Structures are given as structure tokens and as C-alpha cells.
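*Asks:* Below: sequence and its predicted model.
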Amino acid sequence: MIVEVCELKIEQKGSGVGLSFYAFFKNKNDQPEVLMEAARWWIETHKLDHFEKAVKIRDMVRSGV
């Protein structure tokens, strides 16, 4: 799902588009455990900025980082 969201945003807005981990969730918090897992991966594990290039996130996920 993460790769698909990245691909869609890249297709819509170009390769320079930035995303936050919130881009992978609906506006309501109906999966708090999954949201926290994504936040840990994004912030604690990889120390990413709030917004990162979709291309970078896509490539990280594809490589299994």
C-alpha cells in the first residue's frame, strides 16, 4: 500500500512531491496501532523529517529498509 500511495502522488504531482506518514491514512484515526507503527518507523527508526520525497519513501520500502 505504501508504494502504491507514493506512486499515485508521484504520478499526480511529479517526482518532487513530499509526503508525511499521515499520507498513508484516512483523515480519521481508526487504526491507532498502525498509525503509531508508521510514526515509529518514520521518526524513531529512520529519523526522517516530517515531509520526505515520495520517491525516497517508495525506494526505502522497496529495498526493505
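*Replies:* Everything's here; your move.

*Asks:* For the residue nearest to Lys53 when sequence neighbours are not counted, give me its contacts.
*Replies:* Sequence neighbours aside, Gly18 is the residue nearest to Lys53 in space, at 5.8 Å (criterion: Cβ to Cβ, 6 or more residues apart in numbering). The C-beta positions use only the backbone N, C-alpha and C, and glycine is treated the same way. For Gly18, the contacting residues are 51-54, by Cβ atoms under 8 Å, 6 or more residues apart in numbering.

*Asks:* what number of residues lie near Val61?
*Replies:* By the measure other Cβ atoms under 10 Å, the count of residues near Val61 is 15.

*Asks:* would you say it is within a helix?
*Replies:* Yes: Val61 forms part of a helix when assessed by DSSP: H, G, I helix; E, B strand; the rest coil.

*Asks:* And the pLDDT for it?
*Replies:* Each residue has a pLDDT score; the one for Val61 is 95.

*Asks:* Kindly report the same for Gly64.
*Replies:* 91.

*Asks:* center of this protein, which residue is that?
*Replies:* When the chain is reduced to its mean C-alpha position, the closest residue under Cα atoms, centre = their mean turns out to be Phe21, at 4.2 Å.

*Asks:* quick revisit: backbone dihedrals for the residue nearest to Lys53, please?
*Replies:* Main-chain dihedrals, Gly18, degrees, to the nearest 10: phi -100, psi 150.

*Asks:* what comes into contact with the helix or strand of the chain with the lowest mean pLDDT?
*Replies:* Taking mean pLDDT, DSSP states H and E as the measure, the helices and strands of the chain show their lowest mean at helix 32-39, namely a mean of 90. Where contact means Cβ under 8 Å, 6+ apart, the residues beyond helix 32-39 that reach it are 21, 24-25, 29.

*Asks:* which residues in this protein form helices?
*Replies:* Along the chain, counting by DSSP state H, helices occupy 2-13, 32-39, 54-63.

*Asks:* Can you say which of the ones you listed is packed in most?
*Replies:* Mean neighbour counts were compared across the helices of the chain using mean count of other Cβ atoms under 10 Å; the top stretch is helix 54-63, at a mean of 16.

*Asks:* Against which helices or strands is that helix packed?
*Replies:* For helix 54-63, the contact count by 3 or more Cβ pairs under 8 Å, 6 or more residues apart in numbering; DSSP states H and E identifies helix 2-13, strand 18-19 as packing neighbours.
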